[in-house]
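Q: Give the three-dimensional model of this entry:
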Amino acid sequence: MNMYEQLKSPESKTLEFKRDASSLDPIMRTLVAFANTAGGMLIIGVEDRGNIIGVSDPAELQDRVANAVAHSITPHLLCDFEWRTAEDKTIVVVKVSCGIGPYYWNQKGSEKGIYIRLGATTRQASDVLIKELLDRAHGIPFVDRRCIGAELKDLDQAYIETLFPALKQDPTKLRSLGLACEDAGNLYPTNAGVILFGLPDKRIQYFPNTQISCARFAGIDKSDFIDRLELDCYLIQALEEISKFIRRNTRMGARFEEFKRIDIPEYPVDAIREILINAIAHANYEEKGSKFKVAIFDDRIEIQSPGVFPLSVTLEDFKSGASHLRNRTIAKVLSRLELMEEWGRGYKKIATACEGHGLNPPKWEELGSLVRVTLYNAGETAEDQPGVKKGLGGGQVGVRQGLSKLDAPIEGNQAKLIDTLSNFESGASLIELMSATGYKSRSKLRENYLVPLLDLGLIEMTEKNSPSSPTQKYRLSEEGQAYHQTHCQKGES
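A: Here you go, the predicted structure:
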C-alpha cells in the first residue's frame with residue numbers, strides 16, 4: 001500500500017494519525033503498543049480523519065520523538081523515520097516493527113506501562129495479554145505448558161484412544177501430540193491436553209471458557225429466546241452439536257433435480273464449520289472473562305471466542321493467508337483429525353464458501369476480550385431462486401413457509417405420514433403420530449419425515465408463533481390437503 005492509500009485509509013491496528021507532537025505521551029503509548037502487537041506506522045501531521053495539516057519543522061520534531069523514545073521506552077525500541085510530502089505539506093512517518101518485549105512506557109512502569117493495539121485504539125494490556133507477550137518472549141506457548149494441579153488421570157484416556165488408537169495403553173505417547181509434558185521426571189497433562197480431553201469436571205474447573213452457549217433469538221436482537229443449548233462436552237464433539245443446533249434453527253431450502261431432493265441451507269455449511277474450527281484453534285484459553293457463544297438471529301449468525309487475535313497478527317494478515325498459530329498443539333490435533341489445515345487457508349475457504357452461496361464474507365471484530373465473527377444471510381437468499389423451497393433446517397424450532405409447486409410425488413413413509421395426518425383435523429402431537437404410525441424414535445420421525453414435509457409446505461404447525469411449545473401439533477396445510485386428495489386417495493402413494 002503506497003502513502004497516498006495509507007492517508008486515505010482509516011486508522012487501524014497498524015496505523016495511527018497524529019495532528020502534531022505537542023504532547024509526546026500519547027505518541028509513546030502508541031509506539032509501545034505497535035511494538036507489542038503487530039508493528040505499525042504513526043503519521044504525524046495528519047488529523048484522525050485523514051486531513052493533512054503538515055508539520056513546520058520535521059527535523060526538530062524527529063529529534064524530539066527519537067529522544068523521547070530513547071529515554072521513555074524499555075527495552076530499547078528502534079524506530080524508522082521518514083519525511084514525506086503530501087498536498088505540498090511535509091509529514092513525518094514513524095515506523096515500528098513488532099519486537100520481542102514486552103515493551104513498556106517508563107513513566108507507568110513495567111506492569112502498568114505495557115500497551116497493545118486493539119483495533120484502532122491503544123489500550124493498557126490486561127494480565128492475560130501480558131502473559132501472552134511473555135510467552136512470545138520466552139518461546140513457550142501457554143497451551144504447551146503443564147496444567148498446574150492436573151494429573152494424567154484427569155484426561156479422558158478412553159476418548160483419546162478412540163481418536164488416536166496408536167496411543168493405546170501408552171501414556172508417554174501423549175507427549176508426541178503435546179497433550180502431556182515431563183516435569184521433574186513425572187508426566188503431567190499440558191493445558192492443551194486438559195482443554196481438549198480433560199474430564200468434564202476437571203476441564204470446567206481449569207478452563208470454564210471451554211463451555212459453549214448457543215441461542216436462537218426471535219428477530220434481530222436478544223430480547224426473546226426461541227431455542228437455547230448449553231454445551232460442556234469436548235470441543236471436538238461440540239463441532240457436531242453446534243452444527244445440529246444451527247441446522248434446526250436456520251432456514252432450509254430444497255431443490256428437486258430429476259426427482260432427487262437437494263437441500264440448500266441458509267448459510268454455507270463449510271464456512272460455518274471452518275469458522276468454528278478456527279475459533280477453537282485460535283482462542284486464548286487464558287482469557288477467563290469471555291467464552292464461546294453462538295447466536296442466531298433472523299438476519300445473521302454471530303460466533304464469538306475468547307481472546308483477541310494473536311498480538312502479532314492483523315486481520316489483513318489473516319485474510320492474506322499468513323499463518324500464525326497461537327495454539328499450535330491444538331491446531332496439530334485438529335489437523336491429525338483432518339478437521340483443519342495448519343497453514344493459513346481458513347479465511348480463503350470461508351470466503352469461497354460464502355461467495356458460492358451468494359453471501360458476503362463474514363465480518364471479523366476484536367471486541368474487548370473476544371473475537372466475534374458475524375455472517376449475514378442474503379435477505380433474499382438462495383432459497384428465493386426458482387424451484388427452491390423454504391423452511392427451517394430441522395426440529396420444531398421456527399416457522400416454515402409454503403411452496404407453490406411440488407416437483408415430485410411423495411412416496412414411502414412420508415406419504416404414509418400425510419395419510420395419517422389426514423385423520424387428525426385439529427392436528428397431532430409427536431406422541432400421537434408415533435402411536436399412530438408405529439415409529440419409535442421421536443428424533444427420526446421429526447428429522448426424516450416431519451421436517452421434509454414442513455419444508456415442502458405440505459404440513460404446518462398449529463402454533464406457528466411458538467414453534468418450541470410443548471403443546472405443538474402438526475396438521476396438513478391447505479396444499480397438503482389438496483395433495484392428499486389428488487394423490488394419496490387415488491393410491492399413488
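Q: Helices of the stretch 1-150 of the chain, residue ranges please.
A: Secondary structure of the stretch 1-150 of the chain (DSSP state H, counting those that start in this stretch): helices located at 3-8, 25-36, 58-72, 109-112, 127-138.
Q: do the stretch 201-350 of the chain as well
A: 235-248, 269-282, 315-320, 328-336, 346-356.
Q: tell me the most buried of these?
A: Highest mean neighbour count of the helices of the stretch 201-350 of the chain: helix 269-282, a mean of 22 (counted as mean count of other C-beta atoms under 10 Å). (C-beta placed from N, C-alpha, C; glycine too.)
Q: tell me the angle it makes with helix 235-248.
A: In terms of direction (axes from the mean of the first three to the mean of the last three C-alpha atoms, to 10 degrees), helix 269-282 departs from helix 235-248 by 150 degrees.
Q: Extract the C-alpha trace of helix 269-282 and format it as PDB.
A: Output of helix 269-282 as PDB, limited to C-alpha atoms (Å, rounded to 0.1, in the frame of the first residue of the first chain):
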ATOM      1  CA  VAL A 269     -22.100 -25.400   5.900                       C
ATOM      2  CA  ASP A 270     -18.400 -25.300   5.000                       C
ATOM      3  CA  ALA A 271     -18.000 -21.700   6.100                       C
ATOM      4  CA  ILE A 272     -19.700 -22.200   9.400                       C
ATOM      5  CA  ARG A 273     -17.600 -25.300  10.200                       C
ATOM      6  CA  GLU A 274     -14.400 -23.500   9.300                       C
ATOM      7  CA  ILE A 275     -15.300 -20.500  11.500                       C
ATOM      8  CA  LEU A 276     -16.000 -22.900  14.400                       C
ATOM      9  CA  ILE A 277     -12.800 -24.800  13.900                       C
ATOM     10  CA  ASN A 278     -10.700 -21.600  13.700                       C
ATOM     11  CA  ALA A 279     -12.400 -20.300  16.800                       C
ATOM     12  CA  ILE A 280     -11.300 -23.400  18.800                       C
ATOM     13  CA  ALA A 281      -7.800 -23.400  17.300                       C
ATOM     14  CA  HIS A 282      -7.100 -19.700  17.800                       C
END
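Q: What is the distance between that helix and the centre of its chain?
A: In terms of C-alpha atoms, centre = their mean, to the nearest Å, the centre of helix 269-282 is set 6 Å apart from its chain centre.
Q: Ok, stretch 442-460 next?
A: Chain-centre distance of stretch 442-460: 30 Å, with C-alpha atoms, centre = their mean.
Q: now for it, what's the gap between its first and last residues?
A: Stretch 442-460 has an end-to-end distance of 18 Å (C-alpha to C-alpha, to the nearest Å).
Q: how much space between Ser477 and Ile226?
A: The gap separating Ser477 from Ile226 is 21 Å, by C-beta to C-beta, to the nearest Å.
Q: Please enumerate the strands of the stretch 51-200 of the chain.
A: Under the criterion DSSP state E, counting those that start in this stretch, the stretch 51-200 of the chain contains strands at 73-74, 79-86, 89-96, 104-105, 115-118, 121-124, 180-183, 186-189.
Q: can you tell which of those is closest to Ala218?
A: Ala218 lies closest to strand 115-118 among these, at 32.1 Å (C-beta to C-beta).
Q: quick one: strands adjacent to the closest one?
A: When pairing is defined by DSSP bridges, strand 115-118 lines up against strand 121-124 (antiparallel).
Q: what about the partner strand, average pLDDT?
A: Summarised as a single mean, pLDDT over strand 121-124 is 92.
Q: Just say which of the helices of the stretch 1-150 of the chain is most tucked in.
A: Mean neighbour count (mean count of other C-beta under 10 Å) peaks for helix 25-36 among the helices of the stretch 1-150 of the chain, with a mean of 23.
Q: Can you name the residues in contact with that one?
A: Applying C-beta atoms under 8 Å, 6 or more residues apart in numbering, the contact partners of helix 25-36 are 14, 16, 18, 21, 40-42, 44, 65, 68-69, 72-73, 77, 79, 94, 96-99, 101-105, 107, 113-117, 122-123, 125, 133, 311.
Q: try stretch 284-292
A: Stretch 284-292 is contacted by residues 128, 131-132, 142-143, 191, 195, 207-213, 279-280, 283, 303-308, 326-327, 368-370 when judged by C-beta under 8 Å, 6+ apart.
Q: Would you mind measuring from Phe318 to Phe292?
A: Distance from Phe318 to Phe292, counting by C-beta to C-beta: 19 Å.
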